[in-house]
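[1] Sequence and predicted structure, then a few things I'm wondering about:
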Amino acid sequence: MANKRDLKKDINYVLGDIIEAVYVWEYSNTDKDTKKSEAIIDEAIATFDELIAKVNDRSVEDKKAHFKAINKELEDKGRALIEKINKLG
């Protein structure tokens, strides 16, 4: 299992890439309303804050299982955000 530092990097990269994808969509679709895309960015930032807080939680008994659960949550939420980007069209 990845250590705390690697997990934080993964969270940063995944959600950063999602936000970047939204900006690319907005740039290439300047004629479309950006309310939905801005909501995706806000959700990505909230997810980032939530996951980093969970990683930094020191009261966890089984760190390996805790980090594995955070990684799974990152995967699930990341996929959901990507689906929302794909539906922006």
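    Thanks, I have the structure now.
[2] Which residue ranges of the protein form helices?
    Along the chain, the stretches classed as helices by DSSP state H are 4-28, 35-55, 63-86.
[3] burial count for the residue nearest to residue 51 when sequence neighbours are not counted?
    Nearest residue to residue 51 in three dimensions, chain neighbours excluded: residue 11, at 5.0 Å (CB to CB, 6 or more residues apart in numbering). Where C-beta positions appear, they are placed from N, C-alpha and C, glycine not excepted. By other CB atoms under 10 Å, 23 other residues sit near residue 11.
[4] pLDDT at residue 11, what is it?
    Confidence at residue 11, expressed as pLDDT, is 97.
[5] which ones are touching residue 69?
    With CB atoms under 8 Å, 6 or more residues apart in numbering as the criterion, no residue contacts residue 69.
[6] And it, how far from residue 33?
    36 Å (CB to CB, to the nearest Å).
[7] average pLDDT for stretch 48-59?
    On average, stretch 48-59 scores 95.
[8] Quick check: phi and psi on residue 31?
    phi -80, psi -10 (degrees, to the nearest 10).
[9] Point to the residue nearest the middle of the protein.
    residue 15 (3.5 Å; CA atoms, centre = their mean).
[10] pretty sure it contacts residue 50?
    No: using CB atoms under 8 Å, residue 15 is not in contact with residue 50; the gap is 10.5 Å.
[11] Near residue 81, how many other residues are there?
    Counted with other CB under 10 Å, residue 81 comes out at 21.
[12] What confidence value was assigned to it?
    97.
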